[in-house]
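> Structure of the sequence below:
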Amino acid sequence: MNRILAVGAAALLFAAQLAADPLPSWADTEAKARIIEFVQSVTDPDSADYVFPADRIATFDNDGCLWAEQPVYFQLVYALDRLRERAEADPAILTSEVLEAAAGGDVKGMLAGGKEGLMEVLAVSHAGMSVEDFQADVLAWLESARHPTTGRRYDAMIYQPMLELLQYLRAEGFQTWIVSGGGVHFLRAFAAETYGIPPQQVMGSAAPTEYRVIDGVPTIVKLPGIEFMDDKVGKPVGIDSRIGKRPIFAAGNSDGDFQMLEYTMAGAGPRFAMLVHHTDAEREFAYDRDSHIGKLERGLDEGPQRGWLIVDMARDWNTIWPAD
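Model prediction:
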């Protein structure tokens, strides 16, 4: 009985906090005002812009949008750790210059292979594991690994303002989806606990898999290679395949998200697109046009004239990280 009362009290407190300020870590700037105005307009039954709950779909990139991505993608850090271990046991897995560079710690050489090269590293380092074993290994890695500059757990390098935005949207009847260029099984290992987004609402790049019965247990096993790249033009394709309708809200941070935002805004009725611009070198990182990852150029040039919100991290966010 006491537990039921405690849960009810927590729910009432959360509702009161949302009513008072749904985005407390956001500064009182135009960015916050535009987000709240949009959400209120599509959830008010008396509004001309009202959208039925079934159509309130919001999609979010992960790297650089929900959590940090510098100095390299966090999944890549995990993959490099595991690739080195596997290469020591079997050097024959290093079948390309990208893989050889990765195993040797040559990050610049590895990045020269582009997104495809990164996915090759991810696929080879993860291949041969069952999905369950892989995700358990990811969680074990997250327990011990630490970011090289902040010293924080990688799954604590998430953006408090974006967590609040996710909670706000869900409280207003939105479905929140991750649509990321990162590996889908990697993301699904922690997305529910970290973001409150269940595995079935996580989309990402994928390596081939196959069904096997191992020691009498039906199992899905990860294979080498790339089956689907959930980046750039792949994002709208994945959204159509998995969700089956256009989002009305989309958020990203790089030109890899451009087509997702463009696709979202092309639908009928009220729409919202936003890009997180990394402008805060003191509290996080500052990068855009010349970055080796998370490059933001076309979005900066075309986004404002398309009506997209460009969130200035230094100006629009009072807080970056959740409290420890």
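> for this structure, which residue is closest to the average position?
residue 62 (1.2 Å; C-alpha atoms, centre = their mean).
> Can you give me the neighbour number for residue 234?
If you count neighbours by other C-beta atoms under 10 Å, residue 234 ends up with 18. All C-beta spots, glycine's among them, are computed from the backbone N, C-alpha and C.
> now swap in residue 51 and tell me
By the measure other C-beta under 10 Å, the count of residues near residue 51 is 20.
> wait, doesn't it sit right on residue 42?
Yes. Assessed by C-beta atoms under 8 Å, residue 51 is found in contact with residue 42 at 4.2 Å.
> So which residues of this structure form strands?
Using DSSP state E, the strands assigned to the chain run over residues 57-60, 175-183, 202-205, 209-214, 217-222, 249-252, 272-277, 309-312.
> pLDDT on the first one, on average?
For strand 57-60, mean pLDDT rounds to 99.
> name the helices or strands packed onto that strand?
Applying 3 or more C-beta pairs under 8 Å, 6 or more residues apart in numbering; DSSP states H and E, one finds that strand 57-60 contacts helix 160-171, strand 175-183, strand 249-252.
> any chance of the ones you listed in TSV, with distance to residue 121 and mean pLDDT too?
Conversion of those to TSV gives the following (distance: least, C-beta to C-beta, whole Å; pLDDT from 0 to 100):
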stretch	distance to residue 121	mean pLDDT
helix 160-171	27	98
strand 175-183	11	96
strand 249-252	23	99
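> Export these to a markdown table and append columns for distance to residue 214 and mean neighbour count.
Output for those, formatted as a markdown table (distance: least, C-beta to C-beta, whole Å; neighbours: other C-beta atoms under 10 Å):
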| stretch | distance to residue 214 | mean neighbour count |
| --- | --- | --- |
| helix 160-171 | 36 | 19 |
| strand 175-183 | 22 | 24 |
| strand 249-252 | 38 | 28 |
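> Can you lay out those as TSV showing distance to residue 293?
As requested, the helices and strands packed on strand 57-60 are arranged in TSV below (distance: least, C-beta to C-beta, whole Å):
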stretch	distance to residue 293
helix 160-171	18
strand 175-183	10
strand 249-252	13
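> Residue 204: which of the ones you listed is closest?
Residue 204 sits nearest to strand 175-183 of all the helices and strands packed on strand 57-60, at 4.7 Å, using C-beta to C-beta.
> I'd like to know which elements the closest one is packed against.
Checking 3+ C-beta pairs under 8 Å, 6+ apart, strand 175-183 ends up next to strand 57-60, helix 114-126, helix 160-171, helix 184-195, strand 202-205, helix 234-242.
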